[in-house]
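# I would like to see how this sequence folds:
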Amino acid sequence: MLCEPFLTSRSESGWDIPLLAWRAESPLLAVGSAPLGGGIGVRRWVLNATVPMSYDRDDPAAHLAELAHGLDLDGPGVGLLTGVDVSEVVRRTDGGVRVWATVGLGTPVWAAAPEPAAAPGPAPSAASEPARPAQHVGTVNIVVYVPARLGDAALVNAVATATEAKAQAIWELGLPATGTPTDAVTVLCPADGDPAPYGGPRSAWGAPLARAVHAAVRSGGAGTVVPWSDRRAG
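Prediction:
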């Protein structure tokens, strides 16, 4: 079982910055795209950390590991980052599936978009790449707990199902987008038991997962979400 998250904060750059953390009652099997603990494996905790919109560290996994250590989160876990105030997490349940989402849609994009044009300037050398236009960060982080063991293929399918449900919610909110450039999703389930073979949107566990993710993202994106650091700056 993945327990309800607890909200805390850490002191950084003179600010008290929010952190949201989940502990597992026993090790869970997880799949996801998080910068820390992504991939497939057994995990013991999940951390969703607010960061300022000026965040520029190039070692997010190491940063998240430091934050987890400060909370005494032991063993392997999952770490996510967002510019959203994680105290605004949206919770939804459906058919035993539990979903938590922090929804920041400041940079909505289509997944398949044209290649950005190179910035004006001298032609790039063979040893360098074209400069890209700067983008503001907007992030949708989704954490899902399924109360039954999923097989490896079903876990991967569950990530796709969660992503499809997120994209549906964003489209229904009226945004011409499928997500943001920095979205992440993590699906966790018991590590033991007879593995369910499917995680698609019409499967026994994929269907409630899709409904819960859709409801959470649609609710979280319905209002204006101000990045935590913008609000902190007044």
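
# other residues contacting stretch 152-160?
29, 31-33, 40, 144, 146, 150, 185, 187, 189, 195-200, 203, 205-206, 209 (CB atoms under 8 Å, 6 or more residues apart in numbering). Every C-beta, even on glycine, is put in place using the N, C-alpha and C of the backbone.

# at 7 Å what do you get?
Residues from elsewhere that reach stretch 152-160 (CB atoms under 7 Å, 6 or more residues apart in numbering): 31-32, 40, 146, 150, 185, 187, 195-200, 206, 209.

# same question, stretch 56-73
T8, R10, L19, A21, P35, L36, W45, L47, A49, G77, G79, L81.

# cool, and stretch 39-51?
For stretch 39-51, contacts defined as CB under 7 Å, 6+ apart pick out 17-24, 27-31, 37, 64, 67-68, 73-86, 102, 141, 143, 152, 155, 186, 188, 191, 228.

# buried set for that stretch?
Using 16 or more other CB atoms under 10 Å as the test for burial, stretch 39-51 gives R43, R44, W45, V46, L47, N48, A49, T50, V51.

# what ranges do the helices span in this structure?
For the chain, the helices defined by DSSP state H occupy 60-70, 152-172, 206-220, 228-232.

# so what does the third one touch, helix or strand wise?
Helices and strands touching helix 206-220, as assessed by 3 or more CB pairs under 7 Å, 6 or more residues apart in numbering; DSSP states H and E, comprise strand 90-94, strand 97-103, strand 140-145, helix 152-172.

# please name the bridge partners of the residue nearest the centre of the chain.
The residue lying closest to the centre of the chain (CA atoms, centre = their mean) is N141, at 2.3 Å. Beta-bridge partners recorded for N141 (DSSP bridges): T102, A184.

# list buried residues within the contacts of stretch 152-160.
By neighbour count, with 16+ other CB under 10 Å, the contacts of stretch 152-160 hold 31-32, 146, 150, 185, 187, 195-196, 198-200, 206, 209 as buried.

# what's the closest of the contacts of stretch 56-73 to Y55?
Lowest distance from Y55 to the contacts of stretch 56-73 (CB to CB) belongs to L81, with 7.2 Å.

# okay, now the closest one: neighbour count?
Using other CB atoms under 10 Å, L81 has 26 neighbouring residues.

# also V226?
As a burial measure, V226 scores 15 neighbours (other CB under 10 Å).

# do you know how far it is from L105?
12 Å (CB to CB, to the nearest Å).

# quick one, what contacts the closest residue to H214 other than its chain neighbours?
Nearest non-adjacent residue to H214, counting by CB to CB, 6 or more residues apart in numbering: A165, 4.2 Å away. Neighbour list for A165: A210, V213, H214 [criterion: CB under 7 Å, 6+ apart].

# cool, and L81?
Applying CB under 7 Å, 6+ apart to L81 gives the contacts P35, A49, V51, P60, L64.

# try it again with 8 Å
P35, N48, A49, V51, Y55, P60, H63, L64, T139.

# farthest pair in those?
Maximum pairwise distance in those, criterion CB to CB, is 15.1 Å, between H63 and T139.

# where does this structure dip in pLDDT?
Flagging of the chain using pLDDT under 70 yields the residue ranges 118-137, 232-234.
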